[in-house]
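> Please work out how this folds:
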Amino acid sequence: MIEYPKKIYHWLDNKEFAGRQKFFPKYNPATGQVLAQVLKGGTADAHKAVALAEKAFLVWSAVSVVKRAEILRKT
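This is a model prediction of the structure:
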């Protein structure tokens, strides 16, 4: 039997981010089994994600097109 994670957190700034610790269940639609509890983001979490994305964009946009293509091909 497949073991599913008990809790799924947000991933911000290259690490798990626990946020406000409110979760909602993620169900298997075929069986109704709860697969995991997923972190429920709020307004503050969204603002943090946008701020980090803007910061990352500044760094990423300074990388050459050739280097970005190399990085994307690795993933």
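> From now on I want contacts and neighbour counts done on CA atoms only, so please keep to that.
Noted.
> what sits up against stretch 11-28?
9-10, 33-42, 45, 49, 52 (CA atoms under 8 Å, 6 or more residues apart in numbering).
> End to end on it, go ahead and measure it.
By CA to CA, to the nearest Å, the extent of stretch 11-28 from end to end equals 22 Å.
> Beyond the helix or strand hosting residue 59, next helix or strand please.
When elements are assigned from DSSP states H and E, residue 59 belongs to helix 43-61. Toward the C-terminus, helix 43-61 is succeeded by helix 65-74 as the next helix or strand (DSSP H and E).
> Could you pull up the mean pLDDT of that following helix?
On average, the pLDDT along helix 65-74 is 94.
> what's the answer for stretch 6-26, then?
Averaging pLDDT along stretch 6-26 gives 88.
> Could you do stretch 39-52 as well?
92.
> which parts of that stretch are buried?
Going by neighbour count (16 or more other CA atoms under 10 Å), the buried part of stretch 39-52 is 39-41, 45, 49.
> Name the helix or strand for the spatially most central residue of the chain, please.
Closest to where the C-alpha atoms of the chain average out (CA atoms, centre = their mean) is residue 11, at 3.6 Å. Assigned by DSSP H and E, residue 11 falls within strand 10-12.
> Could you spell out the sheet neighbours of that strand, each with its direction?
strand 15-17 (antiparallel) (DSSP bridges).
> Next secondary structure after the partner strand?
Counting by DSSP H and E, the next helix or strand C-terminal to strand 15-17 is strand 23-27.
> quick check: angle from the helix or strand following that following strand to strand 23-27?
Proceeding N to C from strand 23-27, the next assigned helix or strand is strand 34-39, under DSSP H and E. Using axes from the mean of the first three to the mean of the last three CA atoms, to 10 degrees, one finds that strand 34-39 and strand 23-27 are set 150 degrees apart in direction.
> Start at 31, not 1
Okay, using 31 as the starting number, the last item reads as strand 64-69.
> Give the buried residues for strand 64-69.
Those would be 65-69, for strand 64-69 by 16+ other CA under 10 Å.
> would you list those residues in a markdown table and tack on distance to residue 49?
Listed next are the buried residues of strand 64-69 as a markdown table, based on distance: CA to CA, whole Å:
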| residue | distance to residue 49 |
| --- | --- |
| 65 | 20 |
| 66 | 17 |
| 67 | 14 |
| 68 | 11 |
| 69 | 8 |
